[in-house]
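K.L.:
fold the following for me, if possible:
(2 chains, ligands or ions: 6)
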Amino acid sequence: MSGQSTVLEVQDVTRTYQVSHGLFGGNKELRALRGVTLSLKKGEVLGIVGESGCGKSTLARLLLALDKPTTGDILLDGRPVSKTKTGIISRKVQPIFQDPYSSLNPRKTIGSIITLPLRVHKIGNAASQREAMLEIMDRVGLSTRFINSYPNQLSGGQRQRVAIARALIMKPEVVICDEPTSALDVSVQSQILNMLQDLQVKYNLTYVFISHNLAVVEHIATRVAVMYFGRIVEQAETEAFFRNPRHPYSQALLGSVLTPDPELGVPDPDLGTVFPDPLNPPVGCAFHPRCPKRVTVCDQRHPEPTGDRDDFVECHLFGPANS
Amino acid sequence: MIDASATAVAVKPLRAQTVLEVKGLDVRLPTQSGILHAVRGVSFDVALGETVCVVGESGCGKSMTSLAIMGLLPNGAVRTADRLAFSGKDLTGLTERQMSDLRGDKLSMIFQEPMTTLNPVYTIGDQLTEPLFRHRRIGRQEAYEKAEAILERVGISGAKRRLGQYPHQLSGGLRQRVVIAMALMCEPQLVIADEPTTALDVTIQAQILHLLKQLQREFGMGMLFITHDLGLVARLADRVVVMYAGQVVESGPAKDIFERPVHPYTQGLLRCIPIPGRTERGGRLGAIPGMVPSLIGGIEGCSFRSRCPAALPRCANETIELQDLNGSHSYRCVLDAAAGNDAWKRNAGSMEKTA
Ligand SMILES: Nc1ncnc2c1ncn2[C@@H]1O[C@H](COP(=O)(O)OP(=O)(O)OP(=O)(O)O)[C@@H](O)[C@H]1O
Ligand SMILES: Nc1ncnc2c1ncn2[C@@H]1O[C@H](COP(=O)(O)OP(=O)(O)OP(=O)(O)O)[C@@H](O)[C@H]1O
Ligand code: SF4
Ligand code: SF4
Ligand SMILES: [Mg+2]
Ligand SMILES: [Mg+2]
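P.N.:
Residues are numbered from 1 along each chain as shown, chains lettered A, B, ... in the order given. Ligands and ions are numbered 1, 2, ... in the order given. The predicted structure follows:
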């Protein structure tokens, strides 16, 4: 990995939404992030996995400064994001979202969508902006005949290339990819993944790569963070993680991956079906209602992370009491 | 070879307990730019106790195939078939009324989004018992007992309490279990499932698929499972039907399709997905450049030829028929199966070397 300097740092961040609870319930707190700590080093690809509603997109929005933490801090190049101008943040951190349909303005041409970030931030003049556009379109494999087309005239894969071109025209340091290939067919997904990888090497980019597809994360990520119910419950180098997942939820996740191996049949993840209610979080470990390995303390005390910042697991089985 | 095997495919003797026969199925849909020929001569069959997976990319006609079998095509759609039979009974001659008697009884369907099946204003209990009241002479008490039992079978705890709940009070995974329970209420002979787990998390997907397999062993029903997830197909299917641009391009036992794929499209799809332990981490994945042809009007020659790395001049104007390989595995391509297999092995070998 090139260099070890930290670009983005998330320090014990929480994000709580106020949601109305039924007709007479009044407002309730929904804790979408319940204390997330994370550091992102230059040139790495951090894969974030976890089930629907665990807070992945909430975290992505905070990293992009599209939303503010309820408590805790996010540092960009060592400076608090809350004290940094949005212009500076969006020069350094850019998003690629899941849905290439809704993330592009249907009334704007492809050329104008791609150059918008440059125009918003008044970078260069019309001629240099056009030059940058042609260069990036070439890089992402978009024919220049699309410059005057509209999003609805493009295929899903082509639209996702537009979204990538728009993100990269700013020459950002960090790209936050939130399910960038989930809406695409496998033949298109593989092309986009190949391209994201080429661009990462070429521009020495740092990626946060959110996906529910474990095989894709294993392929592209250098480090993996597993989220469950608003917390990171395990973090490890990709190779080590896939060889030896430690958290019972990580083990269930990997055990549920359907690799294309016709000899193996459907796995049984051996999990309970009781899902935590975000408005009434369970006491103790949030995974305990489904955990096949729970012990007595699990529904009483919340487990502390064991390990260091980039390589830890949050489970009583690994805690001081048990080791 | 092509001629002889084409007839061999057509007259292949049916296995004893065939529950669904589809032969030469066509679906045409009217659109603003002309008639869209979504399903083009699709043939396959499903036996009791067997799982057949239909796989292919978005828009290749998977859902239209299943809706055509169920008689649920959108308004204006035209369905024709050489044969479409359920338990030996011809479906093309049935009235809408007879068809709806069959649906939810011996022939049931599970859709991707549970809320397309569940009605938000009725309780789970009301919805589960509805097919029983409709298709069986059964008392209220007995129906509710049966509903409770089936909810327990699909792994829902506190089944009695759930009967009184409404769909919005359940998580997505639980709702999909309810939909599966509903599809099984009348002990169907065939379940058609269109991407039933695509919207679910991987752990819940595995739980639900595991459950479906278990219930299938118990009830002996046939399953027609539609998906674009190749991993799921490999794990679930007894036999696989690969579709491209409205046609079946390859079909056969799951083991053959994944270990000895012959059609360049099937091979291409399998190279696109990262396979732990086989593809090199961070290495390049295979690609199928280009786009699916328009389904409006006819397609001359092979529909895959604009994207096919092995295309020959003759692929542009010949009608490409399905070729039979060994009685159970067939493919729609002019290439010799042995050559196709060699190409696959060469490539798989080089992928292993880099891993
Ligand atoms: N604006 C909001 N107001 C209230 N609750 C919200 C809001 N946004 C998200 N949530 C809730 O916060 C939790 C985390 O949501 P988030 O979208 O971050 O999950 P996710 O991990 O991205 O899920 P998915 O895999 O489905 O995209 C969920 O319970 C969600 O319902
Ligand atoms: N109501 C409709 N009217 C006209 N054309 C339609 C209609 N619904 C689908 N089509 C077209 O029919 C073709 C087959 O669609 P179908 O829904 O069967 O695809 P699919 O294989 O199920 O794809 P997906 O994986 O995206 O669900 C597509 O080209 C689609 O655009
Ligand atoms: S803390 Fe207990 S319940 Fe939580 S994951 Fe570990 S063993 Fe399971
Ligand atoms: S028939 Fe020709 S174009 Fe079609 S898949 Fe075979 S080789 Fe390729
Ligand atoms: Mg999300
Ligand atoms: Mg479909």
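K.L.:
for the residue of chain B most remote from its centre, pull up the helix or strand it's in.
P.N.:
Distance from the C-alpha centroid of chain B peaks at residue B:141, with 36.0 Å (Cα atoms, centre = their mean). Under the criterion DSSP states H and E, the helix or strand holding residue B:141 is helix B:140-153.
K.L.:
next: residue A:37.
P.N.:
Secondary structure from DSSP H and E places residue A:37 in strand A:27-41.
K.L.:
what residue is smack in the middle of the chain?
P.N.:
As the question left the chain open, I've gone with chain A. Chain A has residue A:210 as the residue nearest its centroid, 3.0 Å off, counting by Cα atoms, centre = their mean.
K.L.:
I was after chain B.
P.N.:
With the centre of chain B defined as its mean C-alpha position, the nearest residue by Cα atoms, centre = their mean is residue B:226, 2.7 Å away.
K.L.:
pretty sure that residue is in a helix, no?
P.N.:
No - checked against DSSP: H, G, I helix; E, B strand; the rest coil, residue B:226 lies outside a helix; its state is strand.
K.L.:
show the pLDDT at it.
P.N.:
We have a pLDDT of 96 for residue B:226.
K.L.:
kindly state the beta-bridge partners for it.
P.N.:
Beta bridges link residue B:226 to residue B:54, residue B:194 when assigned by DSSP bridges.
K.L.:
surely it is in contact with residue B:51?
P.N.:
No - using Cβ atoms under 8 Å, residue B:226 is not in contact with residue B:51; the gap is 11.5 Å. The C-beta positions use only the backbone N, C-alpha and C, and glycine is treated the same way.
K.L.:
hang on, the earlier thing: ok, what's across the strand from the residue nearest to the centre of chain A?
P.N.:
Here residue A:210 shows beta-bridge partners residue A:48, residue A:178, assigned using DSSP bridges.
K.L.:
give me every residue that touches it.
P.N.:
Residues in contact with residue A:210 (Cβ atoms under 8 Å, 6 or more residues apart in numbering or on different chains) are A:47, A:48, A:49, A:56, A:57, A:60, A:176, A:177, A:178, A:179.
K.L.:
from ligand 2, how far off is the fourth one?
P.N.:
If I follow you right, that is residue A:56. Summarising the geometry, the distance separating residue A:56 from ligand 2, computed by Cβ to the nearest ligand atom, to the nearest Å, is 24 Å.
K.L.:
what ranges do the strands span in the stretch 1-150 of chain A?
P.N.:
Remark: strands of the stretch 1-150 of chain A, listed N- to C-terminal, are A:6-20, A:27-41, A:45-49, A:71-76, A:79-80, A:93-96; assignment by DSSP state E, counting those that start in this stretch.
K.L.:
CSV for these, including distance to ligand 2, mean pLDDT and mean neighbour count?
P.N.:
Below are the strands of the stretch 1-150 of chain A laid out as CSV (distance: least, Cβ to the nearest ligand atom, whole Å; pLDDT from 0 to 100; neighbours: other Cβ atoms under 10 Å in any protein chain shown):
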stretch, distance to ligand 2, mean pLDDT, mean neighbour count
strand A:6-20, 32, 93, 17
strand A:27-41, 30, 92, 18
strand A:45-49, 24, 97, 26
strand A:71-76, 37, 96, 18
strand A:79-80, 44, 94, 12
strand A:93-96, 22, 94, 23
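K.L.:
residue B:207: which of those strands is closest?
P.N.:
With Cβ to Cβ as the criterion, residue B:207 lies closest to strand A:45-49 of the strands of the stretch 1-150 of chain A, at 17.4 Å.
K.L.:
strand A:27-41 and the closest one, what's the angle between them?
P.N.:
150 degrees (axes from the mean of the first three to the mean of the last three Cα atoms, to 10 degrees).
K.L.:
circling back to that earlier point, against residue A:282, how distant is the residue nearest to the centre of chain B?
P.N.:
When distance is defined by Cβ to Cβ, to the nearest Å, residue B:226 is 36 Å away from residue A:282.
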